[in-house]
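Engineer: What follows is a predicted structure for the sequence shown.
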Amino acid sequence: MESMGIFDGDTVSIKGKRGKKTIATVSQISASDVTALASKTTGGALEECHSIGLSKDAMRNAGVRSGDAVTVVPAPDVKFGKTILILPYQDSLESAGVETADEGNVFEDYVRPYFEGKFRTLHRGDSFHITGPLGELEFQCVEIDTVEQDGDDACVVVDDTLIECDGEGIDRDDELDDLANAGYDTIGGATKHLAAVRELVELPLRHPELWGRLGINPPRGVLLTGPSGCGKTAMARAVAAETGAYFFVINGPEVISKRAGESETNLRRAFEDAEANAADYNGAIIFIDEIDSIAPKREKAGGEVEKRIVSQLLTLMDGLKPTSKVVVIGATNRPTVIESALRRPGRFDRELDMGVPDMEGRLEILQIKTRDMRLGKDVDLEHLAQGSHGYVGADLQQLCMEAALECIRSKIGLIDFDKDKVDKKILDSIVVDASHFEHAMGVVHPSSLRENQVRVIIFS
Ligand SMILES: Nc1ncnc2c1ncn2[C@@H]1O[C@H](COP(=O)(O)OP(=O)(O)OP(=O)(O)O)[C@@H](O)[C@H]1O
Ligand SMILES: [Mg+2]
């Protein structure tokens with residue numbers, strides 16, 4: 001810290017991913033906490049990197065997760081706030097059982113005590129949680145006017161700052177949250193695959209010059225294979241979210257048009273669009289889902305359209321410039337039926353078989369899927385993982401959903417259908433326990449073993 005000229009109590013600007021920024025106050029931690037913090041970050045990168053601790057809210061505001069890298073710069077000229085506008089999220093108000101901020105006395109109970117005498121730093125667009133009499137509420141900082149500038153980016157909230165809190169609760173920007181929630185930590189049981197993806201997709205996007213030095217072309221295409229529901233689509237979305245790359249999705253069946261030439265034009269546009277946007281983002285990813293439907297083996301392809309699409313795709317992939325930061329990811333659960341020329345070097349030369357997760361993988365997926373679920377003490381995820389041989393990610397997700405549904409079903413007698421809202425007491429009593437999971441195991445079957453199922457008829 002000293003080498004950067006930062007000391008306790010200083011204001012710093014933290015730059016995370018996808019151009020997200022937040023602002024924070026530095027607080028030096030004791031030596032014993034350093035080891036605790038270090039054990040949470042991954043790998044041996046610690047020797048060269050310094051680690052910092054961030055609150056959950058700050059991590060979200062910077063768009064990062066545990067183990068990610070951030071850039072920290074001193075921000076000595078952040079001004080005192082003159083007026084700031086803080087609004088609660090509407091859904092957060094509703095779950096606390098009130099309609100408006102006024103009704104919940106939100107300013108007096110939440111906002112004022114949170115800021116009073118604390119000299120907190122705020123960045124425009126930051127979200128944060130405050131706990132109060134109605135439970136936890138989430139707020140967003142909507143506007144900042146500082147003593148020097150109206151419409152500033154950041155400020156320090158002092159006792160003279162006028163805090164406005166009236167207005168309607170804000171709705172969440174769903175789309176943003178959608179990709180933000182699709183990081184690597186939403187994919188379980190794929191440590192090896194994630195490492196491979198990092199090498200095959202992230203590196204060429206970030207540093208194509210590495211390959212240039214060696215005189216070879218960076219990898220262009222990665223083919224994700226594996227049974228249905230093993231997380232191929234989820235993986236591609238995670239890569240896009242993590243790299244912050246421009247993400248263009250082509251759904252195989254959607255490109256095909258019967259009008260002559262239109263399918264090829266669609267494909268060509270996708271590639272042009274990606275190349276044009278690659279510079280503005282951290283590169284671009286073209287994701288072709290269900291690639292088997294547009295690129296079947298040419299000799300087997302029934303229609304002229306398919307044949308032309310395959311040829312067009314080959315030409316487009318060959319035409320990508322070595323310096324362009326574009327990577328194509330294809331996903332299929334039938335790798336054997338796609339045109340073999342597509343799997344040649346320079347095209348989809350890397351294949352990544354996602355496969356059916358093993359016991360540890362299943363445990364990881366179960367942990368991820370139950371992260372936001374209130375689980376009873378008797379739920380043993382390890383036991384569930386052991387008993388779910390052959391289940392892929394999608395099956396495990398359904399397992400958790402069935403267990404949750406069964407839990408709701410068990411409470412249905414208590415719910416008053418005439419009321420607008422369910423009583424808080426009932427909401428608080430909803431806990432998914434082992435019996436619900438037992439029921440779910442009875443209804444959800446492993447899809448990867450479905451093809452091998454036989455029906456046994458007993459003659460008596
Ligand atoms: N390894 C995993 N970790 C976490 N969630 C997973 C995993 N695998 C699958 N899922 C979940 O299962 C669901 C289906 O996954 P996804 O759509 O990625 O499957 P897919 O491999 O693309 O299947 P298909 O071949 O049928 O398109 C998603 O909601 C995803 O969140
Ligand atoms: Mg898919």
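Structural biologist: All right, it came through fine. Just so it is clear, the structure is predicted and the values come from calculations on it, not from any experiment. Ligands and ions are numbered 1, 2, ... in the order given.
Engineer: where's Glu242, which helix or strand?
Structural biologist: Secondary structure from DSSP states H and E places Glu242 in helix 232-243.
Engineer: Now do that helix: everything it contacts.
Structural biologist: Contact with helix 232-243 is made by 17, 179-184, 186-187, 190, 193, 197, 201-202, 205-206, 224-226, 245, 247, 282-283, 285, 287, 289, 329, 331-333, 354, 393, as judged by CB atoms under 8 Å, 6 or more residues apart in numbering. Heads up, the C-betas are built off the backbone N, CA and C, glycines and all.
Engineer: And the average pLDDT for whichever helix or strand comes after that helix is what?
Structural biologist: The first helix or strand that comes after helix 232-243 along the chain, using DSSP H and E, is strand 246-251. Mean pLDDT, strand 246-251: 87.
Engineer: Now do the same contact list for whichever residue of the stretch 201-350 of the chain sits closest to ligand 1.
Structural biologist: The stretch 201-350 of the chain approaches ligand 1 most closely through Gly231 (2.6 Å), counting by CB to the nearest ligand atom. Contacts for Gly231 (CB under 8 Å, 6+ apart) come out as 187, 190, 354, 392-394.
Engineer: Give me the nearest residue to Pro335, chain neighbours excluded.
Structural biologist: Excluding the flanking residues, the one nearest Pro335 by CB to CB, 6 or more residues apart in numbering is Thr225, at 4.4 Å.
Engineer: Intersect the contacts of Gly231 with the contacts of ligand 1.
Structural biologist: 187, 190, 393-394 (CB under 6 Å from any ligand atom).
Engineer: after the lowest-mean-pLDDT helix or strand in the chain comes which helix or strand?
Structural biologist: In the chain, no helix or strand scores lower on mean pLDDT, DSSP states H and E than helix 174-180, which sits at a mean of 53. From helix 174-180 onward toward the C-terminus, using DSSP H and E, the following helix or strand is helix 191-197.
Engineer: before we move on, back to that, between which two of the contacts of Gly231 is the distance greatest?
Structural biologist: Greatest spacing in the contacts of Gly231, by CB to CB: Ala190 and Ala394 (13.8 Å).
Engineer: who's more crowded, the two?
Structural biologist: Neighbour count, other CB atoms under 10 Å: between Ala190 and Ala394, Ala190 has more, with 24 against 17.
Engineer: Now for that one: which residues touch it?
Structural biologist: Counting by CB under 8 Å, 6+ apart, the residues that Ala190 touches are 231, 235, 354, 357, 361.
Engineer: ok, and the closest non-adjacent residue to the fourth one?
Structural biologist: This means Pro357. Gly189 (3.8 Å).
Engineer: so the one you found makes contact with Val356?
Structural biologist: No. The pair Gly189 / Val356 is not scored as a contact, 9.4 Å apart, by CB atoms under 8 Å.
Engineer: Between the two, which is the more surrounded one?
Structural biologist: Under the criterion of other CB under 10 Å, the comparison of Gly189 against Val356 puts Gly189 first, with 26 against 21.
Engineer: Ramachandran angles for the more buried one?
Structural biologist: phi 60, psi 30 (degrees, to the nearest 10).
Engineer: Quick check: it vs Pro296, distance?
Structural biologist: Shown here: Gly189 relative to Pro296, a distance of 30 Å by CB to CB, to the nearest Å.
Engineer: go on, Asp418?
Structural biologist: As judged by CB to CB, Asp418 and Pro296 stand 56 Å apart.
Engineer: For those two, work out which one has more neighbours and name it.
Structural biologist: Counted by other CB under 10 Å, Asp418 and Pro296 do not tie: Pro296 has more neighbours, with 20 against 4.
Engineer: What pLDDT is listed against the more buried one?
Structural biologist: pLDDT, Pro296: 81.
Engineer: what does Val70 give?
Structural biologist: 83.
Engineer: Hmm, Ser13 and it touching each other?
Structural biologist: No. Counting by CB under 8 Å, Val70 sits too far from Ser13 to count as a contact (10.2 Å).
Engineer: ok, Gly151 - how many residues close by?
Structural biologist: Residues within reach of Gly151, counting by other CB under 10 Å, total 9.
Engineer: Can you name the next helix or strand after the top strand by length along the chain?
Structural biologist: Ranked by number of residues, the top strand in the chain under DSSP state E is strand 135-146. Next along the chain after strand 135-146, taking DSSP H and E as the criterion, comes strand 154-156.
Engineer: any residues touching that following strand, and which ones?
Structural biologist: So strand 154-156 is contacted by 11, 13, 23, 75, 78-81, 84, 119-124, 144, 146, 161 (CB under 8 Å, 6+ apart).
Engineer: For PyMOL, write a command that selects the buried ones of those residues.
Structural biologist: Buried members of those, defined by 16 or more other CB atoms under 10 Å, are picked up in PyMOL with:
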select buried, resi 11+13+23+75+78+81+84+120+121+122+123+124+144+146+161
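Engineer: Out of the contacts of strand 154-156, which sit inside strands?
Structural biologist: Using DSSP E, the members of the contacts of strand 154-156 that fall in strands are 11, 13, 23, 81, 84, 121-123, 144, 146.
Engineer: picking up where we left off before, need the ones next to ligand 1 among the contacts of Gly231 in CSV with distance to Ile256 and pLDDT, can you?
Structural biologist: CSV is the format used below for those (distance: CB to CB, whole Å; pLDDT from 0 to 100):
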residue, distance to Ile256, pLDDT
Ile187, 29, 89
Ala190, 30, 86
Gly393, 28, 93
Ala394, 25, 94
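Engineer: Closest one to ligand 1 out of these, please.
Structural biologist: For these, the nearest to ligand 1 is Gly393 (1.9 Å; CB to the nearest ligand atom).
Engineer: OK, contacts around that closest one?
Structural biologist: Residues in contact with Gly393 (CB under 8 Å, 6+ apart) are 187-189, 229-231, 234, 357, 365.
Engineer: Pull the number of nearby residues for Asn217.
Structural biologist: Neighbours of Asn217 (other CB under 10 Å): 17.
Engineer: meant to ask about Asn105, not that
Structural biologist: Asn105 has 13 nearby residues by other CB under 10 Å.
Engineer: And for Ala69?
Structural biologist: Ala69 has 12 neighbouring residues, counting by other CB under 10 Å.
Engineer: where does the closest residue to Asp102 other than its chain neighbours sit relative to Thr336, distance-wise?
Structural biologist: The shortest distance from Asp102 to any non-neighbouring residue, by CB to CB, 6+ apart, is to Asp166 (6.8 Å). According to CB to CB, Asp166 and Thr336 sit 62 Å apart.
Engineer: So what touches the host helix or strand of Val73?
Structural biologist: Element membership for Val73, per DSSP H and E: strand 71-74. Contacts to strand 71-74, defined as CB under 8 Å, 6+ apart, come from residues 4-6, 10-15, 52.
Engineer: would JSON lines of those residues with pLDDT and distance to Glu262 be doable?
Structural biologist: JSON lines is the format used below for those (pLDDT from 0 to 100; distance: CB to CB, whole Å):
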{"residue": "Met4", "pLDDT": "76", "distance to Glu262": "56"}
{"residue": "Gly5", "pLDDT": "77", "distance to Glu262": "59"}
{"residue": "Ile6", "pLDDT": "80", "distance to Glu262": "57"}
{"residue": "Asp10", "pLDDT": "84", "distance to Glu262": "58"}
{"residue": "Thr11", "pLDDT": "87", "distance to Glu262": "55"}
{"residue": "Val12", "pLDDT": "88", "distance to Glu262": "52"}
{"residue": "Ser13", "pLDDT": "88", "distance to Glu262": "48"}
{"residue": "Ile14", "pLDDT": "88", "distance to Glu262": "47"}
{"residue": "Lys15", "pLDDT": "85", "distance to Glu262": "43"}
{"residue": "Ile52", "pLDDT": "81", "distance to Glu262": "52"}
